[in-house]
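Chemist: This is the structure alone, sequence omitted:
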């Protein structure tokens, strides 16, 4: 089953592809690699999950925000490639969590993204190398920002 069919089977709702908020492209393809710029937790209504995990949000809410970033990234990938079925594999993910100084569970937050990618692309193609780090602030006070590299 292809990734586009899997999106339907999972009843996932992708937000509209996010537009750049500064001078950059949401995605750039070089050869067979697609570089995805940092995306935030864009909801279908155009709003974002905001706040700091550990203060304004729980770990579970942060994980949901990371999953929402995944949906936004899938929207960008589909918009760029025309279909998610061209994705061969997720290669690398950098997940940034807007969190308090004492919050230590950034990997569990970014699992919201990683679990979604595994559900859509499968365990082999949907799980790649990953870093999950804490930040003292993110643009617009968004809860999570994620960038990734995908092989097409």
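Modeler: Ah, there it is. Everything quoted here is computed from the prediction, not taken from an experiment.
Chemist: quick one: the strands in this structure?
Modeler: Ranges of strands within the chain are 27-30, 33-39, 89-98, 129-135, 144-151, based on DSSP state E.
Chemist: Reformat those as JSON lines; add mean neighbour count, distance to residue 111 and mean pLDDT.
Modeler: Any C-beta I mention is one placed from the backbone N, CA and C, and that applies to glycine too. Below are the strands of the chain laid out as JSON lines (neighbours: other Cβ atoms under 10 Å; distance: least, Cβ to Cβ, whole Å; pLDDT from 0 to 100):
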{"stretch": "strand 27-30", "mean neighbour count": "13", "distance to residue 111": "23", "mean pLDDT": "98"}
{"stretch": "strand 33-39", "mean neighbour count": "20", "distance to residue 111": "17", "mean pLDDT": "98"}
{"stretch": "strand 89-98", "mean neighbour count": "22", "distance to residue 111": "9", "mean pLDDT": "98"}
{"stretch": "strand 129-135", "mean neighbour count": "15", "distance to residue 111": "8", "mean pLDDT": "98"}
{"stretch": "strand 144-151", "mean neighbour count": "23", "distance to residue 111": "11", "mean pLDDT": "98"}
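Chemist: so which of the ones you listed comes closest to residue 118?
Modeler: strand 89-98 (8.8 Å; Cβ to Cβ).
Chemist: Centre-most residue in this protein?
Modeler: residue 70 (3.0 Å; Cα atoms, centre = their mean).
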